[in-house]
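Peer 1: Provided below are the primary sequence and the corresponding predicted coordinates.
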Amino acid sequence: MAQYALVLLVALSLNFAIPRLAPGTPIDYLVPSEQVATITPEQRERVLAQFGLEKPLLEQYWLYLAGIVQGDLGYSTQQGRPVVDMLLERLPWTLVLVGGAIALSLVIGAGAGFLSAARRGGQTEVGGLVFFMFLDSMPPFWIGMLLLVLFSGYLQILPVFGALPLTGAGGGFGLTFEVAQRLLLPLLTLTLVRAGWLFLVARSSLAGELSEDYIVMAEAKGLSRRRVVGHGVRNALLPLVTAVAVEAGTVVGGATVVETVFSYPGLGRLIYESVLSRDYPVLQGAFLLLAVGVIAANLLADLLYPVIDPRVRAEGAR
Amino acid sequence: MRTMVIRGALRRSLRPALVAALGLLIVVALSPAAGGAQEPQQVEKLTIATEADKGNLTPYSFRPPPGIHSELTGLVYDTLFLDPYTEEPIPWLATEATASSDATTWTVTLRDGVAWHDGEEFTAEDVAFTYDYYREGPSNRYSHHASEVPVIESVEALDASTVEFTCADPCPTLDLVTLADLPILPKHIWENVADPQTYSDLPVGTGPYRLVEYVEDQSYSFEANEDYFLGPPAVQEIDMPIVPDPSSMFLALESGQVDTVTRNVPPELEERLEETENVELVEGKRFSSVFYRFNDERPPLDQQELRRALDLAIDRQALVDTVLLGSGRVGSPSFMHPDSEWYRPQDASFDPEQANTILEDAGISDSDGDGIRESDGEPVSLSIIVPANDPQQIRTAELITQQLAKIGVELETESLDPGTLSQRQNARDFELSSFQGVPHLLGDPTQMIESLDSLLFYSNPEYEMLRSEWFQATTAEQQSEVLSEIQALFAEDPPAFTLYYPDTKYAYNASAYEGWLPAEGHGIHHKWSLIPAASELMGVERVSQITPEESAGGGRASVYALVGAGIVALLALGVLLWRRSAHKTDEDQI
């Protein structure tokens, strides 16, 4: 646990430092470029002071840490709104989109990967491998664009943009339907993008397990093929859990492109826009959320390990 | 190409195509020639996709392009005169403005009976407050037009509907430009705003629309202001989703999910959109350009001969043909936009021969035979910074690199993210820098004078003289004359290399609304497109009045005829196939 706390502190500090190391300041974005040169130093100070950016770095750092403890992440330099509010608005959409995509891609990718490893060498298996490798190598925006062209342009059955209908959806079932309709394509895109990679992990992991001695043993005992593979699958789950936990943060960042194509209000887009405008407070807040998310995912993976693998449990008991 | 249209249509799907074609034929048969509409139609609701979030649409929520800002704030706020890019001042919130003989003092009479969205009365106090706020408060996109060019010394409300402006120097274009540019804020709200930069309430203005909902990075919703002083707007409600991805945006238009998009149609999409049912294209006359700033403090660019040679070596027509696919005009040394009232034509010459001669004469020659000239022993190797998110500007820089290689000058492109780019531009940390010209910069003479100092760092003795003449001019005509002399200076010694003025075509769904009004400088997405009285006031025609002439109706009719012929051929084919298969079954039975 102490380890996790230390990791968190390091993450928080990097989080503070990195946006400030990048060239450019919020002021370059707040003032129209044809006019920046006419700003007096006093005006510049005044703009910076509004966001506490004129203070010495150490003081800013201290205020930042103190703010986190109090749940105050400051104000966006771009929107002028509390960062916490902005993050909370985006978070549900990201959780639904990214969480859904992780779960779905795990089911589809890992399922197909295990199936493929179990039937290694067969014709369908080669077809599956080619298909998922193809998926894995396709850029997300392209998959998204293809789906959009197909479902929104050609068939015209799904909306092109947004997460919520603009007006007049009412509530209850109608709203749920509208939201689901708008979630479908981005979710599918992100799932497809992720599934290829998880397929490869699952496949190679199970293939490795299936060549182990205990499998030979199980086969020698005359167990059914199904049960033999079942033995292997349990062990093959471990690398998958690690992979998902480690990648949890990347998926949020990776969703940026998908969110842009579908105009989806997730965290990825917020981060992207904030990078462009050097909106330090929002960047800090968003990365804080990501860091906590990734650390939590890893913690969860650590806790899951003993459940999946009795050997880890035994080691822990010793 | 026509046959491709037909084949494409057929490929899409046969049955719907048949139905659609029948419907089309009926529509074509029944509809009279479009046009001749005097009043814009009344429409319940329009959905307009815009490309970028522009905050809560106050004058302080400005963000750099992409996206339109002043046109959106203009839905909510009004100015005293209609617009800074008109030929003559057109009264708007003001009814009249008269200058003293030396053009330093202006008396402006305001319209009676105008109310803010919250019901409060609009008075001279609001006007005086606004100008003071811009002058003394935090800087925004408008503030320097109250404090720098021109310098407004005082603004005084003489009575409820009269305001007196006093400028430090003569300000003969106050009514034409300045008062037409700066949006008026309600005093009763803004006097309590301590910090406009973090002000996030929905704006209250006098404008034709109320912003009723703003979901950050997602959408705007506007409602018509039925009590607008020029009468109720033509469109009741406007939904404005924010769609950042260009492909998604145009797909939304093609599939009928939005009625128009605020992004210019990229040249490569023109043909496809023109073939889309109901979608029409119109030239919006927005002022836009791409120009290169240069840093004349850094050797070797401090040599005027080198700058002149670079200018001569750029083949602008090739840029227009290749990068813009012909949809644009070549850049002019005049810097301002050719459609602006203040533009004085100057032709950029393309003459690499002469460029070579100038360089040789200046002693910038290739002494070591590596194909690159040297200046003071150093190879003339320049770098240009361009925005990484604008493929057009990157392509342009690549082409120019090839063009300059022909006169022995090396150019390296550095593409940077917008944050880094603007920081380096603002710190003047560059040799050449690619820049997108915005309407304000290309059509507003006061901005031009200011930009020559603050953005382009233009300075030479003749210019300094003309500049002070400009400030002493007491009539708009005199100012215009001085400005044309200034532009004449640019032919030999330009403040920047203007490369091209792209066409600014916009696409809209003609079955949804045809009241769009291409206003010089702005495109079609602005309040005047939605205000019935605006067309006459501005003397500009709406698209419903101009389309019949521009897109030859005959052409469209022949497309319909071709589609019809295609359908007939298809039917014949179908019958043929059906008969053949029927035949087959007969044979099988035998």
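Peer 2: All right, it came through fine.

Peer 1: Centre of the chain to stretch B:164-173, how far?
Peer 2: Between the centre of stretch B:164-173 and the centre of its chain there are 28 Å (CA atoms, centre = their mean, to the nearest Å).

Peer 1: Equivalent analysis for stretch B:141-158, please.
Peer 2: Per CA atoms, centre = their mean, the centroid offset for stretch B:141-158 relative to its chain is 25 Å.

Peer 1: Please see if it touches chain A.
Peer 2: Yes: on the criterion CB under 8 Å from any CB of the partner chain, stretch B:141-158 is in touch with chain A at B:Arg141, B:His144, B:Glu148. Backbone N, C-alpha and C define where each C-beta goes, glycine included.

Peer 1: Need the CA coordinates for that stretch. PDB is fine.
Peer 2: Taking Å, rounded to 0.1, in the frame of the first residue of the first chain, the C-alpha atoms of stretch B:141-158 are listed here in PDB:
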ATOM      1  CA  ARG B 141     -10.100  41.000 -29.100                       C
ATOM      2  CA  TYR B 142     -11.900  44.400 -29.200                       C
ATOM      3  CA  SER B 143     -10.200  46.400 -26.500                       C
ATOM      4  CA  HIS B 144      -7.300  47.800 -28.600                       C
ATOM      5  CA  HIS B 145      -9.900  49.500 -30.800                       C
ATOM      6  CA  ALA B 146     -10.900  51.700 -27.900                       C
ATOM      7  CA  SER B 147      -7.400  52.200 -26.500                       C
ATOM      8  CA  GLU B 148      -4.800  52.100 -29.400                       C
ATOM      9  CA  VAL B 149      -6.200  52.600 -32.900                       C
ATOM     10  CA  PRO B 150      -8.100  54.800 -32.500                       C
ATOM     11  CA  VAL B 151      -7.400  56.200 -29.000                       C
ATOM     12  CA  ILE B 152     -10.800  57.000 -27.600                       C
ATOM     13  CA  GLU B 153     -10.200  59.500 -24.900                       C
ATOM     14  CA  SER B 154     -13.600  59.800 -23.400                       C
ATOM     15  CA  VAL B 155     -17.100  58.500 -23.900                       C
ATOM     16  CA  GLU B 156     -19.900  60.300 -22.300                       C
ATOM     17  CA  ALA B 157     -23.700  59.700 -22.200                       C
ATOM     18  CA  LEU B 158     -25.200  63.100 -22.900                       C
END
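
Peer 1: Validate this expectation: B:Glu153 resides in a strand.
Peer 2: Yes: residue state for B:Glu153 (DSSP: H, G, I helix; E, B strand; the rest coil) corresponds to a strand.

Peer 1: ok, now how distant is it from chain A?
Peer 2: As for B:Glu153, its distance to chain A is 18 Å (criterion: CB to the nearest CB, to the nearest Å).

Peer 1: follow-up on the earlier one: of the residues of stretch B:141-158 next to chain A, select the buried ones using a ChimeraX command.
Peer 2: Selection of buried members from those for ChimeraX, criterion 16 or more other CB atoms under 10 Å in any protein chain shown:
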select /B:141,144,148
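
Peer 1: Take the residues of stretch B:141-158 next to chain A and keep only those in helices.
Peer 2: Among these, DSSP state H puts B:His144 in helices.

Peer 1: export the residues of stretch B:141-158 next to chain A to JSON lines and tack on pLDDT?
Peer 2: What follows is these, written out as JSON lines (pLDDT from 0 to 100):
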{"residue": "B:Arg141", "pLDDT": "85"}
{"residue": "B:His144", "pLDDT": "87"}
{"residue": "B:Glu148", "pLDDT": "88"}
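
Peer 1: Domain ranges for the chain, per the record?
Peer 2: In the absence of a named chain, chain A is used. As given by automatic domain parsing, the domain ranges for chain A are A:2-69, A:91-312.

Peer 1: I was after chain B.
Peer 2: If you go by automatic domain parsing, chain B breaks into B:2-35+B:556-589, B:289-502.

Peer 1: Look at A:Leu87 and tell me its secondary structure.
Peer 2: A:Leu87 ends up helix, using three-state DSSP.

Peer 1: hmm, back to that, tell me which of the residues of stretch B:141-158 next to chain A is nearest to B:Glu71?
Peer 2: B:Arg141 (12.8 Å; CB to CB).

Peer 1: Hmm, B:Phe62 and the closest one touching each other?
Peer 2: Yes: using CB atoms under 8 Å, B:Arg141 makes contact with B:Phe62 at a distance of 4.5 Å.

Peer 1: Helices of the stretch 251-400 of chain B, start to end?
Peer 2: For the stretch 251-400 of chain B, the helices defined by DSSP state H, counting those that start in this stretch occupy B:270-274, B:304-313, B:316-322, B:352-361, B:391-405.

Peer 1: of all the ones you listed, which lies closest to chain A?
Peer 2: helix B:270-274 (11.1 Å; CB to the nearest CB).
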